[in-house]
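Trainee: can't give you the sequence, but here's the structure:
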């Protein structure tokens, strides 16, 4: 309330400003505006004249809310070339009204359906746990409304009242997978088939809560621009899900390559050993003859002179002739024996 005091003649005009504070009942159904009338009186005022001022004031309520992501939401998924089937992703956002007043809100969820590496999300839906509203995909959302870098889908939910000291939960669910992952594994370069391949994408989603800025004020989201003006921003929360894919090495190719290289080495080693004579078989007695040859080769005899050789030959001839003279032939031996036998009875008769 402003009190004006006037003085006569040339005395300065003085203003006395009084700040009026009062408490408002939160249960009262306030209109969008309220009117306040200020009346001023003075002792020297004309009694037939009234000094009043009526001012229109906008009525706004302070609201408080907290946006969180539940801990049981999906944060990581992985796919392999052996298990490329789609998997379920579930993200639950929680909106909690910590203020003292109910207020209507509009909830919108943003998320991409296609990313790099042929990542795709299908059969998606947004469901509110309390069943106070329904959410549908909207095609009227402009690209600037999407807070994500990639093109995204906007799921717009119907307006509903967020009750004081209560929470509302929105669950985003859908099937995600890497399209044609098995074909990508088959079309890998030859060398990459031995060590495999891998990659990752980041699936990001966001939730935005909108309300009537003229009726409600969220002080925690009021920011000052560089020019000094204030701009109320709608609360928003983002979350990420890391999705990896792994192409496993080709086991059949590794095994077949190992077997082929092993056989090739075995053939090479066999040929080398054959060239070195490791596979030649020896007959019975050849080993002893080779040993004798080796021993005779190790002990050399001294060389004979011509005179020694001549004397040795003469000696051998003498020994041979001696043996021939001393040894009778078979015919001579048989005749002498018969003569001796025939002479024996004659000698016996003579003695008689």
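Mentor: Right, received. Where do you want to start? Since the structure is predicted, the reported quantities are computational estimates derived from the model, not experimental observations.
Trainee: the closest residue to residue 76 other than its chain neighbours: what's it in contact with?
Mentor: Closest residue to residue 76 apart from its sequence neighbours, by CB to CB, 6 or more residues apart in numbering: residue 242 at 5.1 Å. (Glycine included, C-beta is placed from N, CA and C.) Residues near residue 242 by CB atoms under 8 Å, 6 or more residues apart in numbering: 75, 76, 77, 200, 201, 202, 203.
Trainee: what does residue 106 give?
Mentor: Contacts of residue 106 (CB under 8 Å, 6+ apart): 156, 157, 159, 209, 210, 211.
Trainee: let's go with 10 Å and repeat that
Mentor: Residues in contact with residue 106 (CB atoms under 10 Å, 6 or more residues apart in numbering) are 133, 156, 157, 158, 159, 160, 208, 209, 210, 211, 212, 234.
Trainee: per-domain residue ranges of this structure.
Mentor: Following automatic domain parsing, the chain resolves into domains at 2-59, 65-251.
Trainee: my guess is residue 161 contacts residue 63. True?
Mentor: No. Residue 161 is beyond contact range of residue 63, at 11.9 Å (criterion: CB atoms under 10 Å).
Trainee: so for these two, which residue has more residues nearby?
Mentor: Counted by other CB atoms under 10 Å, residue 161 and residue 63 do not tie: residue 63 has more neighbours, with 23 against 14.
Trainee: one step back: can you read off the pLDDT for the residue nearest to residue 76?
Mentor: With respect to pLDDT, residue 242 scores 95.
Trainee: quick one: low-confidence residue ranges for the protein.
Mentor: Residues of the chain meeting the criterion pLDDT under 70: 1-28, 45, 47, 139-145, 147, 150, 219-232, 282-314, 316, 319-352.
Trainee: wait, isn't residue 170 in contact with residue 207?
Mentor: Yes. Between residue 170 and residue 207 a contact is recorded at 6.6 Å, counting by CB under 10 Å.
Trainee: overlap of the contact sets of the two?
Mentor: 91, 93, 94, 95, 107, 108, 109, 126, 155, 157.
Trainee: so where's the longest helix in this protein?
Mentor: Identified as the longest helix of the chain according to DSSP state H is helix 251-275.
Trainee: report the buried residues of that helix.
Mentor: For helix 251-275, a neighbour-count test (16 or more other CB atoms under 10 Å) marks nothing as buried.
Trainee: packing partners for that helix?
Mentor: Here helix 251-275 touches helix 192-195, going by 3 or more CB pairs under 10 Å, 6 or more residues apart in numbering; DSSP states H and E.
Trainee: pairing partners for the helix or strand following the helix it packs on, with directions?
Mentor: Using DSSP states H and E, the next helix or strand after helix 192-195 towards the C-terminus is strand 197-210. When pairing is defined by DSSP bridges, strand 197-210 lines up against strand 103-111 (antiparallel), strand 236-247 (antiparallel).
Trainee: mean neighbour count, those: which tops it?
Mentor: strand 103-111 (a mean of 21; mean count of other CB atoms under 10 Å).
Trainee: which SSE is immediately downstream of that strand?
Mentor: Scanning onward from strand 103-111 (DSSP H and E), the first element met is strand 114-115.
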